[in-house]
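> Got a predicted structure plus its sequence, pasted below:
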Amino acid sequence: MFTRVMIASVLFAALFKGTPASAQWFKVMTPGIPRTADGKPNLSAPTPRGPDGKPSLNGIWQMNGKYLQNIAADMKPGDVPYQPWAEQLFKARQNGALGKTDPAARCIPGMPKLDALPYPFKIIETPGMVMMLFEGFTTFRQIFTDGRELPKDPNPTWFGYSVGKWEGDDWVVNTIGIRESTWLDNAGRPHSDALHLIERFQRHDFGHMDIRLTIDDPKAYTKPWTVKEDLRLIPDTELLEYVCVENEKDYGHLAGK
Amino acid sequence: MIAAVTAQAQWVHYPTAGIPRTKDGKPNLSAPVPRTKDGKPDLSGIWDVLHNRPCPPEGCADMWIPEEFLNIGFSLKGGLPYQPWAAAIVKERMAENRFTDPNAHCLPTGIVRMYTTPLYRKMIQTPGLLVILNEREAMYRQIFTDGRPLPEDPQPSWVGYSTGKWEGDTLVVQSSGFRDGLWLDANGSPLTESGKITERIRRVNFGTLEIEITVNDPKAYTSPWTVKLTQLLKADTDLLDYYCIENEKDGPHLVAK
């Protein structure tokens, strides 16, 4: 729990508004969690599976916070295949310059930053749709799993339009229609209106999951590139409320117009 | 009252699965209540307000508010049973042109105003949890139906903490743990942090939901009061994202009369 506060205050100081209030964490025994003899959650127990034999992704998860700051944190310098304009814009955004142009600075993180917030989020699988409820910004994503196709020309939204399907034990989510003004990370990597995100959710055991995120955006990057973001399960708690707009004082201090 | 105008939107058209239809393919909204496997009514669906407020001669506004948006006690003879200070503050807020309304500053609406805001909400009933996804600010609310008790002293929040249980075909939801300063309507009817809210949610037929809301807040009201709100199903569509804060220009112009 200390980690949650620490990550929040360190990582969000630069770009994200709204200080998380000192919080009384919820203690709720999450049902169905395998436990060791002393009652502690056994997070290395096997991946739980649904009636269809596929891994169940349900639970409250928390992302490794470094990917919000730098989505390419695990890549070598020079490995991000920028188009020239995209690299130029990325450089222009360095060190908080142009901070005001990040929609997250106005309390709208959008995709793909939403996945990378260092606050917990809850996955709820329902027939035909999977919800992600985010503690950060108290917002949500809907991922349709009823077999529908991606729309041809969706109205661009902050989260885009997402459909998910199983490929073996990987749950693969395709998303298009993301507003082009969102940033890929706090470092300022841009994308275009052609962005197609492919998230591959891979639950390795009870307590650990990766999202392999592919950024397929030929207008901004010369070829698709993939990062692996790691998540851990947060047992026996509940989401808290996070209201970015409340008593927001940072925006006026950010650089840019 | 609602700052920022809805962007010109390309509505999402997708046939909702499981909707009974008439011969001509139109949704049959007077069909019987759908039920989940356990025989309980299924509250799932996308819901809109009942538009009970006449439009002006020049036509309905883009945001066509119901009467209860302005005055949650609209249907009560004699109005709400305000304590003297509450009556005074409502008068003051209306005289001030409601410029301190949290809603006008893009803050969360709270659970009562969610039902009177003329934007859609989607209910998703899952075992142990009813989720309400709101278009407004793309926020969500969780109602726990897994038998857990309300927390004794929760961290006060805009949305409170909600648990529900079935009484026959009615889902009875108890909520408490609200932060001080919530408004229940645009006139500024207050809810204090000692307020408790009971919702009795009943699906009358396929297309109609009735929500009886009882507010028990002796600090602000001389007696508990109950109002009934009607919600209508919106078929074959889905939520868009609506951000009050996006390109918000009204705040600085909000002033007292």
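Great, that's in hand. Numbers count the residues shown, from 1 in each chain, chains lettered A, B, ... in the order given.

> Stretch A:173-186 close to chain B?
No. Stretch A:173-186 does not reach chain B (C-beta under 8 Å from any C-beta of the partner chain); its nearest approach is 9.3 Å. Using the backbone N, CA and C atoms, a C-beta is placed for each residue, glycine as well.

> Near residue B:220, how many other residues are there?
Residue B:220: 22 surrounding residues under other C-beta atoms under 10 Å in any protein chain shown.

> Helices of the stretch 101-250 of chain A, start to end?
A:113-116 (DSSP state H, counting those that start in this stretch).

> which bits of it sit near chain B?
Within the stretch 101-250 of chain A, the positions near chain B by C-beta under 8 Å from any C-beta are A:103, A:106-108, A:124, A:126, A:128-129, A:131, A:133, A:138-140, A:142, A:146, A:148, A:151, A:154-155, A:157-159, A:238-241, A:243, A:245-246.

> what sits against residue B:167?
Applying C-beta atoms under 8 Å, 6 or more residues apart in numbering or on different chains, we find residue B:167 in contact with residue B:200.

> Show me where the stretch 151-257 of chain B dips below the pLDDT cut-off.
Low-confidence segments of the stretch 151-257 of chain B (pLDDT under 70): B:247-257.

> ok, back up a step: buried ones from the residues of the stretch 101-250 of chain A next to chain B, can you make that a ChimeraX selection?
Per 16 or more other C-beta atoms under 10 Å in any protein chain shown, the buried members of these correspond to this ChimeraX selection:
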select /A:103,106,107,108,124,126,129,131,133,138,139,140,142,155,157,158,159,238,239,240,241,243,245,246
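
> which ones among the residues of the stretch 101-250 of chain A next to chain B are found in strands?
Among those, the members falling in strands (DSSP state E) are A:124, A:126, A:129, A:131, A:133, A:139, A:140, A:142.

> Just list whatever residues bridge to residue B:21.
Beta-bridge partners for residue B:21, by DSSP bridges, are residue B:27.

> thought it was touching residue B:29?
No. Using C-beta atoms under 8 Å, residue B:21 is not in contact with residue B:29; the gap is 10.1 Å.

> what about the strands in the stretch 1-150 of chain A?
For the stretch 1-150 of chain A, the strands defined by DSSP state E, counting those that start in this stretch cover A:59-63, A:121-126, A:129-134, A:139-144.

> nope, chain B is what I was after
B:45-49, B:121-126, B:129-134, B:140-144, B:161-167, B:170-176, B:182-183, B:190-191, B:196-205, B:208-216, B:225-233.

> Just send the ones you listed back as TSV, with distance to residue A:55 too.
Shown next, in TSV, are these (distance: least, C-beta to C-beta, whole Å):
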stretch	distance to residue A:55
strand B:45-49	29
strand B:121-126	18
strand B:129-134	20
strand B:140-144	23
strand B:161-167	29
strand B:170-176	31
strand B:182-183	40
strand B:190-191	42
strand B:196-205	33
strand B:208-216	35
strand B:225-233	34
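
> do you know which of the ones you listed lies nearest residue A:198?
strand B:129-134 (23.9 Å; C-beta to C-beta).

> where does the stretch 51-200 of chain B come near chain A, residue by residue?
Residues of the stretch 51-200 of chain B lying close to chain A by C-beta under 8 Å from any C-beta are B:105-108, B:124, B:126, B:129, B:131, B:133, B:137-140, B:142, B:146, B:148, B:151, B:153-155, B:157-159.

> residues contacting residue A:235?
A:30, A:33, A:41, A:43, A:59, A:60, A:207.

> re earlier: ok, of the residues of the stretch 51-200 of chain B next to chain A, which come out buried?
Among those, the ones that count as buried by 16+ other C-beta under 10 Å are B:105-108, B:124, B:126, B:129, B:131, B:133, B:137-140, B:142, B:151, B:154-155, B:157-159.

> still on that earlier bit, quick one, which of residue B:21 and residue B:29 is more surrounded?
Neighbour comparison, residue B:21 and residue B:29: the larger count goes to residue B:29, with 16 against 13 (by other C-beta under 10 Å).

> separation between the residue lying farthest from the centre of chain A and chain B?
The centre of chain A is farthest from one residue, residue A:37, which by C-alpha atoms, centre = their mean lies 33.6 Å away. As judged by C-beta to the nearest C-beta, to the nearest Å, residue A:37 and chain B stand 25 Å apart.

> where are the low-confidence patches of the stretch 1-150 of chain A?
Along the stretch 1-150 of chain A, segments meeting pLDDT under 70 span A:1-25.

> can you do 80?
A:1-26 (pLDDT under 80).

> What residues sit buried inside stretch B:47-66?
B:47, B:48, B:49, B:50, B:53, B:65, B:66.

> Give me the residues contacting it.
Here stretch B:47-66 has contacts from B:1-2, B:5-6, B:67-69, B:115-123, B:209, B:229-234, using C-beta under 8 Å, 6+ apart.

> Now, of these, which are buried?
Buried residues within these, counting neighbours by 16+ other C-beta under 10 Å: B:2, B:67-69, B:115-123, B:209, B:229-231, B:233-234.

> And the ones in strands among the residues of the stretch 101-250 of chain A next to chain B, which two are furthest apart?
A:126 and A:139 (17.9 Å).

> what's the residue closest to the geometric middle of the chain?
By default, I'm working from chain A. Nearest to the geometric centre of chain A sits residue A:115, at 0.5 Å (C-alpha atoms, centre = their mean).

> was after chain B, sorry
Geometric middle of chain B (C-alpha atoms, centre = their mean) lands on residue B:115, at 1.6 Å.

> what separates that residue from residue B:207, distance-wise?
Going from residue B:115 to residue B:207 by C-beta to C-beta, to the nearest Å gives 16 Å.

> try residue A:98
Using C-beta to C-beta, residue A:98 is found at 48 Å from residue B:207.

> same deal with residue B:217?
Distance, residue B:217 to residue B:207, by C-beta to C-beta: 32 Å.

> can you check residue B:244 too?
As judged by C-beta to C-beta, residue B:244 and residue B:207 stand 28 Å apart.

> Test my guess that residue B:71 contacts residue B:188.
No. Judged on C-beta under 8 Å, residue B:71 makes no contact with residue B:188 at a distance of 10.1 Å.

> beta partners for the nearest residue to the residue nearest to the centre of chain B once chain neighbours are set aside?
Counting by C-beta to C-beta, 6 or more residues apart in numbering or on different chains, residue B:229 is the residue found nearest to residue B:115 once chain neighbours are left out, at 5.1 Å. Beta-bridge partners recorded for residue B:229 (DSSP bridges): residue B:211.

> Let me see the contact set for residue B:229.
By C-beta under 8 Å, 6+ apart, the contact set of residue B:229 is B:49, B:50, B:68, B:115, B:116, B:210, B:211, B:213.

> between those, which is closest to chain A?
Nearest to chain A among these, counting by C-beta to the nearest C-beta, is residue B:115 at 17.6 Å.

> Settle this for me: the closest one is touching residue B:211, isn't it.
Yes. Assessed by C-beta under 8 Å, residue B:115 is found in contact with residue B:211 at 6.1 Å.

> shared neighbours, these two?
Both residue B:115 and residue B:211 are in contact with B:229, B:231, where contact means C-beta under 8 Å, 6+ apart.

> Serialize the contacts of residue B:229 to a markdown table and add fields for distance to residue B:170.
Formatted as a markdown table, the contacts of residue B:229 follow (distance: C-beta to C-beta, whole Å):
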| residue | distance to residue B:170 |
| --- | --- |
| B:49 | 20 |
| B:50 | 19 |
| B:68 | 20 |
| B:115 | 16 |
| B:116 | 20 |
| B:210 | 9 |
| B:211 | 10 |
| B:213 | 13 |
